[in-house]
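Colleague: Just to be clear, the model below is a prediction. Sequence and coordinates:
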Amino acid sequence: MKDPALASSSRLGGAVISDRVVASLLEELSNGRYAQADRLPAEVDLATELGVSRTVIRDALSEMERAGYVERVRGIGTVVNRAVLGLRSRLDQKLEYYPLIRSFGSYPHADGIQVMLLRAGEEMAHALALEVGDEVICIKKRILADTTPVIYSIDYLPRSLFGNRDYTRIDLTGDIFEILEQECHQQISSNVAHLKASCGDEAIRAAMRLAPGEAMLLLDEVCFNRLCKPVMRSLSYYTNFFDFSILRKLL
């Protein structure tokens with residue numbers, strides 16, 4: 001039966017429809033008609049069921065295979081990897097704080113939000129392809145799960161992304177990926193991340209209520225748009241509230 005959400009989006013571009021097909025299939029694999037299946041139906045059957053073209057199905061399955069949810073095996077079909085489907089916090093995928101915290105059964109919210117204008121030093125200028133001294137907007141906030149601090153986030157955005165607009169009149173307190181898309185018309189397509197243990201400075205330690213000697217996982221990322229241009233540097237300090245996984249595909 002045709003998915004109404006997919007049918008209503010038939011006028012949209014192929015990439016948008018493909019993304020929705022992926023979301024629909026992942027939901028069906030987790031909680032729907034394919035919840036017990038070890039393989040997905042053939043492409044032609046999926047296209048009929050979802051009311052989309054085989055090209056869209058093929059693109060969606062390719063994306064799911066890259067993410068490790070399925071493997072397409074010649075002569076066998078599309079095999080489901082149940083172990084990967086069960087992973088809820090993967091460092092090899094885009095991490096959005098609020099959905100991640102909700103997956104642990106907690107209520108996410110932010111406080112202690114600070115927005116300030118800085119000048120790029122050599123390291124920041126290099127990371128964001130700026131000139132030393134260029135303006136950078138810095139957004140700091142603490143993320144809580146219920147009443148427990150679990151993430152300290154520091155995001156750096158080139159001031160130039162906002163053009164001539166007064167950034168102080170823009171709400172910069174929400175999801176940073178949505179801010180980039182809605183306010184700067186920038187869609188993140190990839191990032192380069194460095195992981196390390198970090199104790200954080202005294203201000204961060206106090207905000208996160210860390211015990212003496214307790215360290216955090218620091219995810220230091222530079223995010224790139226579809227033109228492969230850096231548009232954000234993000235420092236995310238995670239407490240041991242989280243248990244992360246990384247999928248490593250051997251090709």
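Modeller: That came through fine. Numbering: from 1, shown residues only.
Colleague: I'd guess residue 137 is in a strand, am I close?
Modeller: Yes: counting by DSSP: H, G, I helix; E, B strand; the rest coil, residue 137 is part of a strand.
Colleague: From residue 220, how far off is it?
Modeller: 18 Å (C-beta to C-beta, to the nearest Å). For glycine as for every other residue, the C-beta is placed from the backbone atoms N, C-alpha and C.
Colleague: Between those two, tell me which one has more neighbours.
Modeller: With neighbours defined as other C-beta atoms under 10 Å, residue 137 and residue 220 compare such that residue 137 has more, 21 against 17.
Colleague: I'd say the more buried one and residue 117 touch.
Modeller: Yes: here residue 137 reaches residue 117: they are 6.1 Å apart, a contact under C-beta atoms under 8 Å.
Colleague: so what sits against both of these two?
Modeller: 159, 167 (C-beta atoms under 8 Å, 6 or more residues apart in numbering).
Colleague: Tell me the pLDDT of the closest residue to residue 67 other than its chain neighbours.
Modeller: Using C-beta to C-beta, 6 or more residues apart in numbering and skipping the chain neighbours, the partner closest in space to residue 67 is residue 93 (7.0 Å). Note for residue 93: predicted pLDDT of 80.
Colleague: count of neighbours near residue 93?
Modeller: 13.
Colleague: Could you pull up phi and psi at it?
Modeller: Here is the backbone geometry of residue 93 (degrees, to the nearest 10): phi -120, psi 160.
Colleague: separation between it and residue 99?
Modeller: Per C-beta to C-beta, residue 93 is found 11 Å from residue 99.
Colleague: which SS class is the residue nearest to the spatial centre of the chain?
Modeller: The centroid of the chain falls nearest to residue 94 when counting by C-alpha atoms, centre = their mean (2.4 Å). Under the three-state scheme (three-state DSSP), residue 94 adopts coil.
Colleague: One more: residue 27?
Modeller: Three-state call for residue 27 (three-state DSSP): helix.
Colleague: If you tally nearby residues, what's the number for it?
Modeller: By the criterion of other C-beta under 10 Å, residue 27 has 14 neighbours.
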